[in-house]
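In: sequence first, predicted coordinates after that:
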Amino acid sequence: MLKEKIALVTGAGRGIGREIALTLAKNGATVIVNYNGSKASADEVVDEITKNGGSAEAIQCNVADFAESEEFVKAVLEKYKRVDILVNNAGITRDNLIMRMSEEDYDAVLDTNLKGTFNMMRHLSRSFIKQRSGKIINITSVSGVLGNAGQANYSASKAGVIGLTKSVARELASRGINVNAVAPGFIDTDMTKNMTDDAKKMVSEMIPMGKMGSAKDIADMVMFLASDSSNYITGQVICVDGGMAI
Ligand code: NAP
């Protein structure tokens with residue numbers, strides 16, 4: 001379905017990004033597996049893709065850094081000539097109550113989640129516009145839609161990603177480029193594994209479906225948005241959250 005397509009997935013060595021990379025590759029895309037610190041697991045994702053007959057390459061880049069991400073995009077375009085699918089998945093949390101939240105924790109979360117998404121769209125936009133086609137998929141969060149106590153920095157960054165998505169969707173719509181966001185609810189990954197049983201129970205009670213989601217639930221939605229099935233959809237935020245944001 002994605003044969004001949006080049007996909008770039010940020011933060012694809014672990015968690016949701018890993019599952020997205022594997023799913024896009026299984027559907028025929030050549031995948032650039034971006035990582036920041038997790039080289040070994042990014043290499044393992046590439047191995048799994050190539051073992052199954054697909055094509056992938058792991059490339060290190062801290063997406064929060066404007067100049068570094070510009071070099072990263074330049075190198076990718078030199079080698080692959082185009083990117084058809086950009087998935088901005090890299091993200092971090094540094095949770096705390098607002099009165100205890102440090103400036104460093106606020107800045108780190110905004111830099112990775114919001115500026116990282118801006119950096120990648122900014123550096124790839126010229127190439128997307130030139131080719132007059134493309135799919136940009138930004139991973140936001142139900143916390144960016146509803147807000148979440150203890151996550152002021154994270155919710156602000158993810159609400160910002162929604163604003164970026166809608167604005168860039170309006171800018172690029174006439175050039176044949178779709179820009180959408182996926183808002184996961186609570187998904188079973190490293191990001192949520194340190195939650196206490198009490199916190200997990202409390203969260204489950206907030207989910208109409210009564211259970212956490214899996215990385216596959218998110219990857220399946222990203223696959224839909226990356227495919228031609230989404231050609232008339234842009235600027236949308238699709239919640240994949242077991243009904244949390246109803
Ligand atoms: P995760 O398991 O903690 O993985 C985070 C990924 O982001 C890692 O691959 C990490 O790469 C990458 N990353 C972090 N900072 C980076 C940077 N500066 N440059 C490049 N990559 C960077 O988290 P996850 O649960 O898979 O989350 C993936 C996305 O889904 C995030 O945007 C997150 O906010 C969103 N989300 C998750 C949930 C959830 O419940 N899990 C809910 C809503 C939204 P390295 O290991 O190489 O540093």
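Out: Perfect, thanks for sending it. Bear in mind that the values here come from a model prediction, so they are computed numbers and not experimental data.

In: number of residues surrounding Met121?
Out: 21 (other CB atoms under 10 Å). All C-beta atoms are positioned from the backbone trio N, CA, C, and that covers glycine.

In: so which residues on the chain come close to the ligand?
Out: Residues of the chain found near the ligand (CB under 6 Å from any ligand atom) are 10-11, 13-17, 34-38, 62-64, 89-92, 112, 116, 139, 141, 184, 186-187, 189-192.

In: now the buried members of those residues.
Out: Buried subset of these (neighbour count, 16 or more other CB atoms under 10 Å): 10-11, 13-17, 34-36, 38, 62-64, 89-92, 112, 116, 139, 141, 184, 186-187, 189, 191.

In: contacts for the longest helix belonging to the chain?
Out: In the chain, taking DSSP state H as the definition, the longest helix is helix 152-172. Outside helix 152-172, the residues that touch it by CB atoms under 8 Å, 6 or more residues apart in numbering are 88, 91, 93-95, 98, 101, 105-106, 109-110, 112-114, 117-118, 121, 125, 128-129, 134, 136, 138-141, 143-145, 147-148, 178-181, 183, 234-235, 237.

In: buried sites along the helix or strand hosting Lys74?
Out: Element membership for Lys74 (DSSP states H and E) is helix 66-80. Buried positions in helix 66-80, judged by neighbour count with 16+ other CB under 10 Å: 69, 72-73, 76-77.

In: closest one of the residues you listed to Asn27?
Out: Val76 (19.8 Å; CB to CB).

In: any idea how far Gly150 is from the closest one?
Out: Distance of Val76 to Gly150, given as CB to CB, to the nearest Å: 36 Å.

In: could you do Met202 as well?
Out: 12 Å.

In: can you pull the contacts of Met221?
Out: Met221 touches 182, 238, 240, counting by CB under 8 Å, 6+ apart.

In: where do the helices sit along the chain?
Out: Using DSSP H, helices in the chain cover 15-26, 39-51, 66-80, 103-109, 116-131, 142-146, 152-172, 190-193, 197-206, 215-226.

In: tell me the mean pLDDT over the longest one?
Out: When pLDDT is averaged along helix 152-172, the result is 99.

In: how about the third one?
Out: Predicted confidence along helix 66-80 averages 98 (mean pLDDT).

In: so which elements touch it?
Out: Judged by 3 or more CB pairs under 8 Å, 6 or more residues apart in numbering; DSSP states H and E, the packing partners of helix 66-80 are strand 30-35, strand 55-60, helix 116-131.

In: can I get the longest one as PDB, trimmed to CA atoms?
Out: This file holds the C-alpha atoms of helix 116-131, laid out as PDB (Å, rounded to 0.1, in the frame of the first residue of the first chain):
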ATOM      1  CA  GLY A 116      10.700  19.300  17.800                       C
ATOM      2  CA  THR A 117       7.500  18.900  15.800                       C
ATOM      3  CA  PHE A 118       7.900  22.500  14.500                       C
ATOM      4  CA  ASN A 119      11.500  21.800  13.500                       C
ATOM      5  CA  MET A 120      10.700  18.700  11.500                       C
ATOM      6  CA  MET A 121       7.700  20.300   9.700                       C
ATOM      7  CA  ARG A 122       9.700  23.500   9.100                       C
ATOM      8  CA  HIS A 123      12.700  21.800   7.600                       C
ATOM      9  CA  LEU A 124      10.700  19.400   5.400                       C
ATOM     10  CA  SER A 125       8.000  21.800   4.200                       C
ATOM     11  CA  ARG A 126       9.900  23.000   1.200                       C
ATOM     12  CA  SER A 127      10.400  19.500  -0.100                       C
ATOM     13  CA  PHE A 128       6.800  18.600   0.600                       C
ATOM     14  CA  ILE A 129       5.600  21.700  -1.300                       C
ATOM     15  CA  LYS A 130       7.900  20.900  -4.200                       C
ATOM     16  CA  GLN A 131       6.600  17.400  -4.600                       C
END
